[in-house]
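**Student:** kindly return the folded structure for what I paste below:
(chains A and B)
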Amino acid sequence: QSVLTQPPSVSAAPGQKVTISCSGSNSNIGNNYVSWYQQLPGTAPKLLIYDNHKRPSGIPDRFSGSKSGTSATLGITGLQTGDEADYYCGTWDSSLSWVFGGGTKVTVL
Amino acid sequence: EVQLVQSGAEVKKPGDSLKISCEGSGYIFPGYWIAWVRQMPGKGLEWMGIIYPRDSDTRYSPSFQGQVTISADKSISTAYLQWSSLRASDTAMYYCARLGTSESGYYNMDVWGKGTTVTVSS
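**Tutor:** Numbers count the residues shown, from 1 in each chain, chains lettered A, B, ... in the order given. Predicted coordinates for the structure are as follows:
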């Protein structure tokens, strides 16, 4: 059972939008920045969003992040088949541990 | 190019010892924390711990404290994860990742190795 709670799966048709929630507490999300990671099938995770909403170089603006209180959200617009992957949120916890969400599988219908 | 290169897949028996590695290049290795992350088959990511190669300051997740040892040799830009006695439940993919610091001063795992598969079976 992960410290951060994500829905197990979300799906939408190509071109549509999906959002993935990440719920935590004041000991983690509430007092730290959140990052998001994309794990394509059979590959290592990749940084997708950092500092709640910033995108590393090379990440398209179809990907967006936001945070409010103890929850964060990842949005993907203009969904593509290449976006099918597992997505994880992560942040520091006051216990001085890094915590991940359980991961959300995105399926393009 | 900043990259982390991990050692190859391992197949071991229960009770065996093992040390896997993660070599950094393209950046000043001693100056960045390195994290180890476990992913069991079909499961999510689990943070195991981190090490700061410059002084070998190490922090462990409570879930992994006493189960593994994280170390580093800054002279060869390499971090290590080791087990003294493997169990079947250690079968997993193990990733190393660099903890980069953003403009805001917060950490995130900005560079990842490709992972090392560890299989423990009798």
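
**Student:** bridging residues for the closest residue to A:Thr5 other than its chain neighbours?
**Tutor:** Using C-beta to C-beta, 6 or more residues apart in numbering or on different chains and skipping residues adjacent in sequence, the residue nearest A:Thr5 is A:Ser23, 4.4 Å away. C-beta here means a position set from N, CA and C on the backbone, and glycine is covered the same way. For A:Ser23, the beta-bridge partners under DSSP bridges are A:Thr5, A:Ser71.

**Student:** same check, this time on B:Val118
**Tutor:** As for beta bridges, B:Val118 partners with B:Glu10, B:Ala92 under DSSP bridges.

**Student:** hang on, the earlier thing: so who does the residue nearest to A:Thr5 touch?
**Tutor:** Listed by C-beta atoms under 8 Å, 6 or more residues apart in numbering or on different chains, the contact partners of A:Ser23 are A:Leu4, A:Thr5, A:Gln6, A:Ile29, A:Thr70, A:Ser71.

**Student:** out of those, which is most surrounded?
**Tutor:** Neighbour counts for the contacts of A:Ser23 peak at A:Ile29, which has 28 neighbours (criterion: other C-beta atoms under 10 Å in any protein chain shown).

**Student:** ok, that one touching A:Ser66?
**Tutor:** No: using C-beta atoms under 8 Å as the test, A:Ile29 is too far from A:Ser66 to be in contact (11.6 Å).

**Student:** shared neighbours of these two, anything?
**Tutor:** A:Ala72.

**Student:** any idea which helix or strand carries the residue most central in space within chain B?
**Tutor:** Nearest to the mean C-alpha position of chain B, by C-alpha atoms, centre = their mean, lies B:Trp36 at 3.1 Å. Element membership for B:Trp36, per DSSP states H and E: strand B:33-39.

**Student:** ok, that strand near chain A or not?
**Tutor:** Yes: Strand B:33-39 is in contact with chain A by C-beta under 8 Å from any C-beta of the partner chain, via B:Ala35, B:Val37.

**Student:** now that strand: mean pLDDT?
**Tutor:** Average pLDDT, strand B:33-39: 98.

**Student:** which parts of chain B sit against chain A?
**Tutor:** Checking chain B against chain A by C-beta under 8 Å from any C-beta, the hits are B:35, B:37, B:44-47, B:50, B:59, B:61-62, B:95, B:97, B:102-104, B:106-115.
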